[in-house]
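Chemist: Coordinates for the following, if possible.
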Amino acid sequence: MIRSRGFSAFVLAGIFLASTSVFAGEPGFPHTDENCGVTTVYEVPPARAVTLSNNATELMLALGLEDRMAGTSYMANLKISPQYEEAYKKIPVLSPLVATTEQLIEVEADFVYAGYPDGFSESRHTRDQLHDLGMKTRLNTEGCNLGRFGFDELYAEIRSVAAIFGVRERGEALIADMEMRLAAVAEQLEDVEVTPVFIFNGGEAAPRAVLGNTMLSHVVSRAGGENIFGDVANRYGQVSWEQIAERMPEYIVVYYSGTAGGQVVGDPAGELGEGRIEILKANPTIREVPGIARERFVTIDSVWGQPGPSSIDAVEKLARAFHPDRMGH
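Modeler: Model prediction:
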């Protein structure tokens, strides 16, 4: 059922007033959030949040906020990380793609959180449009970031979301755990020889690469690798098969999401993950590249490849692949 904007705003205002009475006097409120050029004041923590991407969903769950969530979306046919499965099952899945404005209205969302920019767009709903409907919004800062993005920026994102929901201690506990695991990897990889890595993001006629200004590029570096296109100050972009051959990567990280051409893929790991490996193996220009010739492929889906609590899992997985002698199998 699609409700009118006026009615929706009225309903959301009622929810806001009700939640104000519940959370009145909460420490740390009112709280002002500065995010990607948008300033939002929270008088109380949100009570009916909806996430528009898998990494946003995992961050909410990692902070133990499932009781504040009215829905999730955009998991497609990817799997939530095992540690969040139980909590995830308790939350309605609004859509395998980005939840629509109508779906957000239907569940009376008061906070909408996107892990990457396509959650908010002219073709779906802008942040301003959702604000007009009484919904506060946040975008993971990698999505508006103009420079490098790594764990320090991810920790700032965790702290911001934790502050919005009044669970700062949970945020610090999550960060402390990630820091401890990163330190353990760093200790095992001390003085290791860095291995060149190509992060393949699909493309048959011309390859698409994950470039330097992404969390995944940083994750590769923390795992003892070096993104061969990490010097390109952008997030994603087209390169050439000849450039890959010239830079001779020792390992190939095959990156994929759960969608292709805006449609949900039935078997992302097979159709996109394994499918992209077959594209690489069939290309004669890169046949002599060590990572191709020796079939050193590691698949990473967007649940682990986008900035979120599973970024540390990605570091550990890639470190084991790049340096098995240091990390063990």
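Chemist: got the CA positions of stretch 110-120 in CSV?
Modeler: Provided in CSV are the C-alpha atoms of stretch 110-120 (Å, rounded to 0.1, in the frame of the first residue of the first chain):
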residue,chain,number,x,y,z
ASP,A,110,12.7,6.9,10.9
PHE,A,111,16.3,6.3,9.9
VAL,A,112,17.6,5.1,6.5
TYR,A,113,21.3,4.0,6.3
ALA,A,114,23.1,3.2,3.0
GLY,A,115,26.5,1.6,2.8
TYR,A,116,27.2,2.9,-0.7
PRO,A,117,25.9,5.8,-2.9
ASP,A,118,23.4,4.0,-5.0
GLY,A,119,21.1,3.7,-2.0
PHE,A,120,20.4,7.4,-2.4
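Chemist: could you give the mean pLDDT of it?
Modeler: Taken as a whole, stretch 110-120 carries a mean pLDDT of 93.
Chemist: again, but for stretch 202-222
Modeler: In the prediction, stretch 202-222 has an average pLDDT of 97.
Chemist: what does stretch 40-48 give?
Modeler: Mean predicted lDDT for stretch 40-48 stands at 97.
Chemist: Just the helices from the stretch 151-300 of the chain, written as ranges.
Modeler: Assigned by DSSP state H, counting those that start in this stretch, the stretch 151-300 of the chain shows helices spanning 151-164, 168-188, 215-222, 241-247, 275-282, 290-293.
Chemist: The third one vs helix 151-164, what angle?
Modeler: Going back to what we said before, that points to helix 215-222. 130 degrees (axes from the mean of the first three to the mean of the last three C-alpha atoms, to 10 degrees).
Chemist: Summarise which helices and strands helix 215-222 is packed against.
Modeler: Judged by 3 or more C-beta pairs under 8 Å, 6 or more residues apart in numbering; DSSP states H and E, the packing partners of helix 215-222 are helix 151-164, helix 168-188, strand 195-200, strand 225-227, strand 251-256, helix 302-305, helix 311-322. C-beta coordinates here come from the backbone N, C-alpha and C atoms, glycine included.
Chemist: got the CA coordinates for that helix in CSV?
Modeler: Extracted in CSV, the C-alpha atoms of helix 215-222 (Å, rounded to 0.1, in the frame of the first residue of the first chain):
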residue,chain,number,x,y,z
MET,A,215,38.3,0.0,1.6
LEU,A,216,39.1,-3.1,-0.4
SER,A,217,42.4,-1.7,-1.7
HIS,A,218,43.3,-0.9,1.9
VAL,A,219,42.3,-4.3,3.0
VAL,A,220,44.6,-5.9,0.4
SER,A,221,47.5,-3.8,1.7
ARG,A,222,46.8,-4.8,5.3
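Chemist: Identify all contacting residues around it.
Modeler: By C-beta atoms under 8 Å, 6 or more residues apart in numbering, the residues outside helix 215-222 that reach it are 142, 148-151, 153-154, 182, 185-186, 197, 199, 210-211, 226-227, 230, 253, 255, 300, 305-307, 311, 314-315, 318-319.
Chemist: Give me the buried entries from those residues.
Modeler: 142, 149-151, 153-154, 182, 185, 197, 199, 210-211, 226-227, 230, 253, 255, 300, 305-307, 311, 314-315, 318-319 (16 or more other C-beta atoms under 10 Å).
Chemist: picking that back up, who wins for proximity to Tyr116 among the helices of the stretch 151-300 of the chain?
Modeler: Closest of the helices of the stretch 151-300 of the chain to Tyr116 is helix 215-222, at 10.3 Å (criterion: C-beta to C-beta).
Chemist: if I pick Met178, what's in contact with it?
Modeler: Shown in contact with Met178 (C-beta under 8 Å, 6+ apart): Phe151, Tyr155, Pro309, Ser311, Ile312.
Chemist: check contacts around the nearest residue to the second one once chain neighbours are set aside.
Modeler: Okay, so that is Tyr155. Nearest-residue entry for Tyr155: Ile175, 5.0 Å, with adjacent residues in sequence omitted and distances by C-beta to C-beta, 6 or more residues apart in numbering. For Ile175, the contacting residues are Tyr155, Ile158, Arg159, by C-beta under 8 Å, 6+ apart.
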